[in-house]
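J.: Got a sequence here, can you model it:
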Amino acid sequence: MTESWIKDLAAAKVESRIITDGQTVRRFTTGMRFGTGSAIAVFEPTSLVGFWHVLKACVAADCVIICQAANTGITGGSTPDGDDYDRDVVIISTLKLDTCMPLCDAKQALVFAGGTLFRLEEMLDEFGRNPHSVIGSSCIGASVVGGICNNSGGSLVKRGPAYTELSVFAQLTAQGELELVNHLGIELGSTPEEILGNLDAQRFDAASATLSSGLASDPEYHQRVRDVEADTPSRFNADQRRLHEASGSAGKLAVFAVRVDTFAKPQSEQVFYVGTNDPEQLNVIRTRLLSECQELPEMGEYMHRGWFDGADHYCKDMFLILKYLGTDFLPRLYRVKAAVDRLLERVPGLPDLPADRLLHWLAKLWPDHLPKRMRAYRETYEHHLVVVGADAAIPEIREVLQSVTRDGDAGSFFECSPEEGEAALLHRYVAGGAPARYSLIHAKETGGLVTFDVALPRNYSKWYAFLPEDLLDQLDAPFRLGHFMCHVFHWDFVVKAGVDPEDVKRRMMELLDGIGAKYPAEHNVGHLYCAEHDHAAFYRGLDPTNTFNAGVGKMSKRRHYH
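T.: Model (predicted):
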C-alpha cells in the first residue's frame, strides 16, 4: 500500500517521477555487483527544486534516504543493504539531473547531481578539455558527483582522487532540521528554492565564478605519487586530507551540484603495451617513470594474465558494444537488460540475469576482437602493463621501456597503432565486469565472490608475491589488476565451492594490515568495508541523525547511530 505522504506528494505535482511498483523499484535497489534490499519508493526528480521538495517530504516522513546516481558503485553503497533498517527506506535517483556547463573559460565545469562522465566529456570536447576521470577509468557510466562523494581515483596517474571544495548540498542538523548549504562560490540567492531555482534556470553571473574560489581537484597528488620510497599508500578513501563536505561523503549528504576542474587535452598520445615474465621489471619501470622522468605518464594499467583471460572471455560483449555503439548507448542497454530480466524472471527454471547470459553467449559467436600482437603477448607473458604517454612524456616513456626490457629476455614492449591502442584500453576498461560475470556463469561450481580494492604502500615491491599458495588454492579464479603507478590494486576472488568467502576475506585483511595497506582505496566503504574510526567520525559529523545512507561503512543503521 502506498504511504499517504507519497500520495500527497504526487497530488502536489512535485517535479519528480514517483515509482512504487515493486518490480520497477527492484531495479534501483539492486547494486551493480553487491547490495540489495527494500525501498518503499523511488523518486526521480526532474529539477533541483523538485529534488529539494522530495527531500523535504522524505525527511518529514522520517525515512532513511539513499541518493543514487548511476548506481555503478561496486561495494553496495548506493542501494539498501538488507531489510533490517528501523525506518522505511526511500531512494532518490538523480540521473535526470544531468546538466553540465563550462565555467572559467571551461577550466572548470558545473555539474548537477546526475551528470555522468560521458556527458561531461562530451560537453568539454568542443573546448579541447578533459574531465578529471575518463570513461571507464572507474566504472563505465559513472556519475561525476558519485565520483566526488566516493573520492574515486581511477586510472589517470596525475590527478589523484576526485575532489572538490565547491558544492551545494543539503544536510540535517543534530536537531533534525534540513539545511541547504551553498559553497559553490557562486551567488545564487538566499532561500533553498531561490538558490536551486537559479541553478535550474542557469540564472546567475557565471563570470563571478573564479578559479580562486576554492580547490576543485587535488593539486598535490602529482607530487605525492612520485614519492616511491614512502611507506604509506598514495591514495585511499579514509585519507583525512581529502575528506571535505561532499568529497568523500559516501551519500551522507544530498549533493545537488559541484564544481570540478578540467584539464587540457594533450596534442598527441601514444599507448605502449608491455609484457613480462619478471614482475621486477615492472617495478623498475614504475620507479623510473615516477622518479626520473620530467613528465608523468597519463596511465599505467597492470593486468595479470588471469584477468586478461577473464576480460577476453566474459566481457567481450561489452567490448563490442562500446566499440561499435559507443558509451552513449549504455543507458539504453541497461534499461533493455533490466526489462528483459524482469520479464524472464517470471519464467520457472530460468537462471538469474538471463539477459547477461544471452549477451555472453552471443558475443562468443563474434570473431576474435583483440589485435594479433596483444594475443601473442598473452601467450608469451604472464604480466601485462598498458602505459599511455602524452606529448613530452612519450619519448621519456619510450627510453625507459627500451632500457628496462633490453636487460635480459624476460619482457618486451611494442608501441600500439591507433587501433591497437583503442583495443588495449577498451580491453582494460571492460575488465572490471569479468569477476561478476564469471561468478554468474559458473555459479553452480563456485562459492561466491570476494573483492579487494587495496592501496599498497608506495615502496611495497612484492605485490606479485603477496598472495600465499594456501590461499590461492582456495580460489577458483583469482583476478588481479591495478592502477600500477598509484599502487592501487583490485584483487577479486571467485572462491571454490565449499570455501567460506568470509574466511578468505578475514585472512586477506590480516595480511593487508600486516604490510600497512589501506582498503578500500577508491571504491569507498559501501556495505563491504568497516569505516575506520576517523572515517566514521567524518560521516557522523556530516549526518548526526543517520538519515542519509544509514549503515554505510558497516555503521549502525538506526536513528542517531544507536
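J.: Who are the packing partners of the lowest-mean-pLDDT helix or strand in the chain?
T.: Across the helices and strands of the chain, mean pLDDT, DSSP states H and E gives its lowest value to helix 330-344, namely a mean of 77. Applying 3 or more CB pairs under 8 Å, 6 or more residues apart in numbering; DSSP states H and E, one finds that helix 330-344 contacts helix 22-29, helix 316-325, helix 354-364. Just so you know, the C-beta spots here come from the backbone N, C-alpha and C atoms, and that holds for glycine as well.
J.: Next, the angle from that helix to helix 22-29.
T.: 140 degrees (axes from the mean of the first three to the mean of the last three CA atoms, to 10 degrees).
J.: Ile148: neighbouring residues, count only.
T.: If you count neighbours by other CB atoms under 10 Å, Ile148 ends up with 25.
J.: likewise Pro131?
T.: Applying other CB under 10 Å, we find 28 residues neighbouring Pro131.
J.: tell me which residues in stretch 72-91 are buried?
T.: 72-81, 85, 87, 89-91 (16 or more other CB atoms under 10 Å).
J.: show me the contacts for the nearest residue to Lys96 once chain neighbours are set aside.
T.: In this structure, Lys96 finds its nearest non-sequential neighbour in Thr46, 5.1 Å apart by CB to CB, 6 or more residues apart in numbering. For Thr46, the contacting residues are Glu15, Ser16, Arg17, Lys96, Leu97, by CB atoms under 8 Å, 6 or more residues apart in numbering.
J.: Now rank those by neighbours and give me the top one.
T.: Taking other CB under 10 Å to define a neighbour, the member of those with the most is Leu97, carrying 25 neighbours.
J.: correct me, but that one touches Leu48?
T.: Yes - applying CB atoms under 8 Å as the test, Leu97 and Leu48 come out as touching, 6.4 Å apart.
J.: what is in contact with those two at once?
T.: With CB under 8 Å, 6+ apart, Leu97 and Leu48 have common neighbours Phe112, Ala113, Phe256.
J.: returning to what we had before: among the buried residues of stretch 72-91, which lie within strands?
T.: With DSSP state E as the criterion, strands contain Val89, Val90, Ile91 from among the buried residues of stretch 72-91.
J.: Just give me the neighbour total for the nearest residue to the second one once chain neighbours are set aside.
T.: With CB to CB, 6+ apart as the measure, Cys63 is the residue that lies nearest to Val90, at 4.7 Å, once sequence neighbours are left out. Using other CB under 10 Å, Cys63 has 22 neighbouring residues.
J.: go on, Ala11?
T.: Ala11 has 8 neighbouring residues, counting by other CB under 10 Å.
J.: mind checking how far it is from Ser4?
T.: According to CB to CB, to the nearest Å, Ala11 stands 10 Å off from Ser4.
J.: what ranges of the stretch 101-250 of the chain fall below the confidence cut-off?
T.: Across the stretch 101-250 of the chain, the ranges flagged by pLDDT under 70 are 135-141.
J.: how about the helices in it?
T.: Assigned by DSSP state H, counting those that start in this stretch, the stretch 101-250 of the chain shows helices spanning 117-124, 144-149, 192-200, 221-224.
J.: Let me have those helices in CSV, extended by distance to His535.
T.: Compiled in CSV, the helices of the stretch 101-250 of the chain are given as follows (distance: least, CB to CB, whole Å):
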stretch, distance to His535
helix 117-124, 25
helix 144-149, 14
helix 192-200, 29
helix 221-224, 19
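J.: Spell out the residue ranges of the helices in the stretch 351-500 of the chain.
T.: Assigned by DSSP H, counting those that start in this stretch, the helices in the stretch 351-500 of the chain fall at 354-364, 372-380, 393-405, 418-430, 434-441, 469-472.
J.: Run through who's touching the third one.
T.: Think helix 393-405. With contacts defined as CB under 8 Å, 6+ apart, helix 393-405 is touched by 268-270, 272, 274, 276, 281, 284-285, 288-289, 292-298, 387, 389, 411-413, 415.
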